[in-house]
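> sequence below, structure please.
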Amino acid sequence: MQWEENFLLWIQANVRTPFLTPVFKAITRSTDRGGVWLALIFAMLLFPRTRRDGAVCLVTLAAEVLFVNVVLKHAVGRVRPFHAVEELLPLVRPPDDFSFPSGHTAAAFAVASALLFAGYGRTASFLLFFAALVGFSRVYLGVHYLTDVLAGALIGALIAYGVHAALGG
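Purely as a prediction, here's the structure:
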């Protein structure tokens, strides 16, 4: 969609700065391969009081990875924006998989939403804010369209809700 391409080019021209670029690279890197989410989950699994919720988060993250990265990305097959928009320069090593939906964003919203549904109000609120930053970082860095990120956020939250409902939360 032309408006999305224009939006990415607008961000590249008007929002990217030498200060923000390392910040958003760090945010994205912290979530590569589930990084910060797996660390949080494994920390929760260590303590009896949070073990069940950690297990629910682990199931939620696994379901998100399977649905988004294994099924949906391949079914949709949307090319990354830096392949479609000649002027767009990605600021991280270009991913070699498909663009829709954003797996980073889906994972972030899946874990944050799972904790929200489990009753971790303040922690979940902070993580939902962080999840939004993860999503924006993917657009800022030029590796996702805005709709990839919005769909990832919705899918992650829906998967968390589904796992929560299925496991009797």
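> name the residue closest to the centre of the protein, please.
The residue lying closest to the centre of the chain (C-alpha atoms, centre = their mean) is residue 105, at 1.3 Å.
> now do the residue of the chain positioned farthest from its centre against residue 163, distance only.
Farthest-out residue of the chain from its mean C-alpha position, per C-alpha atoms, centre = their mean: residue 48, at 27.8 Å. Counting by C-beta to C-beta, to the nearest Å, the gap from residue 48 to residue 163 is 21 Å. (Each C-beta comes from the backbone N, C-alpha and C, glycine too.)
> run the chain-centre distance for the lowest-mean-pLDDT helix or strand in the chain.
Taking mean pLDDT, DSSP states H and E as the measure, the chain has helix 81-84 as its least confident helix or strand, at a mean of 94. Taking C-alpha atoms, centre = their mean, to the nearest Å, one finds the center of helix 81-84 at 19 Å from the center of the full chain.
> what does stretch 44-63 give?
How far stretch 44-63 lies from its chain's middle: 19 Å, per C-alpha atoms, centre = their mean.
> give me the mean pLDDT for it.
Across stretch 44-63, pLDDT averages out at 97.
> run through this structure and note the low-pLDDT ranges.
Within the chain, the stretches with pLDDT under 70 are 168-169.
> helices of that one, start to end?
2-14, 20-31, 35-46, 48-64, 73-76, 81-84, 103-117, 121-140, 146-166 (DSSP state H).
> got the CA positions of the last one in PDB?
Listed in PDB are the C-alpha atoms of helix 146-166, where the atom choice follows Å, rounded to 0.1, in the frame of the first residue of the first chain:
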ATOM      1  CA  LEU A 146       2.900  -0.500  10.100                       C
ATOM      2  CA  THR A 147       0.200  -3.000   9.300                       C
ATOM      3  CA  ASP A 148       2.700  -5.900  10.000                       C
ATOM      4  CA  VAL A 149       3.200  -4.400  13.500                       C
ATOM      5  CA  LEU A 150      -0.500  -3.700  14.200                       C
ATOM      6  CA  ALA A 151      -1.400  -7.300  13.100                       C
ATOM      7  CA  GLY A 152       1.400  -8.700  15.200                       C
ATOM      8  CA  ALA A 153       0.100  -6.800  18.300                       C
ATOM      9  CA  LEU A 154      -3.500  -8.000  17.800                       C
ATOM     10  CA  ILE A 155      -2.500 -11.600  17.000                       C
ATOM     11  CA  GLY A 156      -0.200 -11.800  20.000                       C
ATOM     12  CA  ALA A 157      -2.900 -10.500  22.300                       C
ATOM     13  CA  LEU A 158      -5.500 -12.900  20.900                       C
ATOM     14  CA  ILE A 159      -3.200 -15.900  21.300                       C
ATOM     15  CA  ALA A 160      -2.600 -14.900  24.900                       C
ATOM     16  CA  TYR A 161      -6.300 -14.600  25.500                       C
ATOM     17  CA  GLY A 162      -6.900 -18.000  23.800                       C
ATOM     18  CA  VAL A 163      -4.200 -19.700  25.900                       C
ATOM     19  CA  HIS A 164      -5.500 -18.000  29.100                       C
ATOM     20  CA  ALA A 165      -9.100 -19.200  28.300                       C
ATOM     21  CA  ALA A 166      -8.000 -22.700  27.300                       C
END
